[in-house]
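Asker: Got a predicted structure here, sequence first:
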Amino acid sequence: MDARVQVVIADDDDDIRLLMEIAVRKAGMDLVGAVADGPSALETIRRTIPSLVVLDVSMPGLTGLDVCAAVRSDPRCAGMKILVLSAGVDRLHSLADSPAEP
Amino acid sequence: VISHPVPLVQRFGAHRIPLMFQLVSASVYALCVVVALAFRQTLVTDLVLVGLSAAVMAIAIVLSAVIRGRHGEVLQWLVGPFLTLLSIGLLRAGTGAMTSIFTPLVVLPMLMIAARDGRRWIALALAAVVATILLPFALELRMPADPLVWLESLTTPLVLAVTAILVNAFAGQARRHIASIGALADERVRMLEEAVATSAALARTADRLLAADQFTRGVLDAVTEQSVIGTDLDGLIDVWNPGAERLLRLSPHETQGHRHVHEFHDPHELESRKEQRGVATGYDGLIEVARQGRAEVLDWTYRRDDGTTVPVRVAVTPRLDREGVTIGFIFVATDITELLASARLKDEFISLISHELRTPLSSILGYLELLRDDEGDPLSEEQLSYLAVAERNAHRLLRLVGELLFTAQIESGQLSLAVRDMDLGGVLRASVESASPTAASAGVHLHSEAPTDPVHVVGDPVRLGQACDNLISNAVKFTPRGGDVTVALSSTGGGTVISVRDTGLGIPAHEVDKLYERFFRASTAVRNAVPGIGLGLSITKGIVEAHGGTLDVSSEEGVGTVFSITLPAPAVLTP
């Protein structure tokens, strides 16, 4: 197994996604998937089982929170780190393990 | 027109009565004169005196007919009878004096005089009769020699006196009787007039009440945008205005007296209200506050008979009778469908704008950072300084968008707190630390008097930190170079107080009230070109109040300002 942190990025804003891709590479992580919608994100996560997932809250198909919930309920994904990003002011307090920084 | 018994006197006219008596006397007298003339040989002794007598009687009739008026009344009543007596006296003298058969004629005029009110008239009448009887002797200027004459001049008046006394008494009694009847009649007239006046006043009052009632009905009918429903204590409907008709699609005939107001309420809402207030029925929950004499405005859902629903804001008030006793309730409902729709639109707008404004800003900031941190191709110092300006402004824009959104959230009641047990001292120290660089570059001394021991409160550390940041950065902004900003924290049994004191520009007294208005900026801020858009304090106040606390300010222009946040003791807050 590759020692490098494997990352999946999901954001529907191309610029932000590209920015995150660059940041991930610069941080020396391994980008295994960069997608623009919720269903693709879930599919990619289930397929690659990364150690870190970065999700935008508002995405077409499934929101970041929906994806997060689905991943959390999937035993294969146990211990996976999930970072949910939001540009909005949606309520995230209900998700204790989802630090939200714009 | 009121009719009531009219005394006889008034029916003929008071002034005619004496004349009528006079004419009666005169008729009898005339009969006697005719008799005297018919038997002239035996009866008449002196024709001249008889002629004189007739002349006097004629004068008496004429005077009785002529004398008029209030002052004439006594004369009217007296002149006739006395002249009549004189005339009879002359007749007697001319028809044999003491042997005259016409002596009884004196009775009529005498009674006319004696019937007058008062005993003195009796005396006067008797004197006149005596004078009449003795007239023949007066004419011959000699005293009667025959003692029988004296006797006659006394016996006749004596009999007449008794008659006169009786007549006077009966007349008096009759007069009093008539007077009391008159008084009763007057009283009756007065009472009737009073009754008429009272009924007129009642009619006016009734008119006024009717007009007021019609006005009220008119208003009720004119209110088509609000449903006005009136009920009795049990909620049975008896008032149903066109607004209610429009809102609930039922006519007054279908509801008044048949339906209860709670039949139009969403049963689930009534049920939860019932449980919430611990009352017997949902209807009790509906009118509970109004029953205590207070108005209550709440949002409810009305359910029409066809099953459709409409959100309404209902004001429930008690309906009082004249004594102020509650006899029912009034429900004034406004359709708030559009209000809710616009609130929802606003929420959607907030959500949209938060995303659409912040996403590009995040992009800008991210790529600026990439540029700045590009190790492969480092930027020159000059380029870096340009980038710093761009970054600073992008951050400013981001903060501004954040403040606008936050304000909108507070206003729409969407501010949600992540409340937990927290150390307020730590939050305050972090705020002071983050403000330190700005304070240092502005030449403002920033002191912290916060205790190092933890100060436990229950609250949202992020929001409270934001509130502290706002107050401290405001204080620094408004304090000229060389001034002081002192931050203090104290905890008492009643609560925890954070105070931020500055030696800054101060706020003019008349502007203190407006401080928390959105986009308000103190004149001192504008004059001194202190940057800002006037949202910080309204946000701070919103955060503090969401924690159940208060934000207070005391300020003196040119001396400085103290802002203090008072948070209630932890027990008060429910996390």
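Answerer: Ah, there it is.

Asker: Next, the contact list for residue B:406, please.
Answerer: Applying C-beta atoms under 8 Å, 6 or more residues apart in numbering or on different chains to residue B:406 gives the contacts A:89, B:415, B:535, B:539, B:542. Where you see a C-beta, it was placed from the backbone N, CA and C, and this is true even at glycine.

Asker: For beta bridges, what are the partners of the residue most central in space within chain A?
Answerer: Geometric centre of chain A, nearest residue: residue A:54, 2.6 Å, by C-alpha atoms, centre = their mean. Beta-bridge pairing for residue A:54 (DSSP bridges): residue A:9, residue A:83.

Asker: Please report how far it lies from residue B:114.
Answerer: For residue A:54, the distance to residue B:114 (C-beta to C-beta, to the nearest Å) stands at 139 Å.

Asker: What distance do you get for residue B:193 to residue B:182?
Answerer: Per C-beta to C-beta, residue B:193 is found 16 Å from residue B:182.

Asker: brain fart, residue B:167
Answerer: Using C-beta to C-beta, residue B:167 is found at 21 Å from residue B:182.

Asker: Looking at residue B:193 and residue B:182, which has the bigger crowd around it?
Answerer: residue B:182 (15 against 11; other C-beta atoms under 10 Å in any protein chain shown).

Asker: give me the element the more buried one is part of.
Answerer: Under the criterion of DSSP states H and E, residue B:182 resides in helix B:147-222.

Asker: now that helix, how far from the chain's geometric center?
Answerer: 42 Å (C-alpha atoms, centre = their mean, to the nearest Å).

Asker: So which bits of the following helix or strand past that helix are buried?
Answerer: Downstream of helix B:147-222, the next assigned helix or strand under DSSP H and E is strand B:226-232. Applying a neighbour-count criterion of 16 or more other C-beta atoms under 10 Å in any protein chain shown, one finds B:226, B:227, B:228, B:229, B:230, B:231 buried in strand B:226-232.

Asker: can you list the weak-confidence ranges in the stretch 251-400 of chain B?
Answerer: In the prediction, the stretch 251-400 of chain B carries no residues with pLDDT under 70.

Asker: Kindly report the residues of chain B close to chain A.
Answerer: When proximity is defined as C-beta under 8 Å from any C-beta of the partner chain, chain B approaches chain A at B:350-351, B:354-355, B:358-360, B:362-363, B:366-367, B:370, B:398, B:405-406, B:409, B:416, B:418.

Asker: rerun at 10 Å
Answerer: For chain B, the residues in contact with chain A (C-beta under 10 Å from any C-beta of the partner chain) are B:350-367, B:369-370, B:373-375, B:398, B:401-402, B:405-406, B:408-409, B:414-419, B:460, B:462.

Asker: out of those, which are inside helices?
Answerer: B:350-367, B:369-370, B:398, B:401-402, B:405-406, B:408-409, B:462 (DSSP state H).

Asker: Buried subset of the residues you listed as a PyMOL selection?
Answerer: To isolate in PyMOL the members of those that are buried, counting by 16+ other C-beta under 10 Å, one can use:
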select buried, chain B and resi 350+351+353+354+355+357+358+359+361+362+363+364+365+366+398+401+402+405+406+408+409
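
Asker: quick one, longest strand in chain B?
Answerer: Taking DSSP state E as the criterion, chain B has its longest strand at strand B:309-320.

Asker: Show the end-to-end separation of stretch B:221-236, please.
Answerer: With C-alpha to C-alpha, to the nearest Å applied, stretch B:221-236 spans 20 Å between its terminal residues.

Asker: Kindly apply the preceding question to stretch B:439-446 instead.
Answerer: End-to-end distance for stretch B:439-446, by C-alpha to C-alpha: 7 Å.

Asker: Pull out the buried positions in that stretch.
Answerer: B:439, B:442, B:444, B:446.

Asker: now residue A:17: how far from residue A:35?
Answerer: Distance of residue A:17 to residue A:35, given as C-beta to C-beta: 8 Å.

Asker: Show the subsequent helix or strand relative to the helix or strand of chain B with the lowest mean pLDDT.
Answerer: None of the helices or strands of chain B scores lower by mean pLDDT, DSSP states H and E than helix B:8-12, at a mean of 52. Counting by DSSP H and E, the next helix or strand C-terminal to helix B:8-12 is helix B:16-38.
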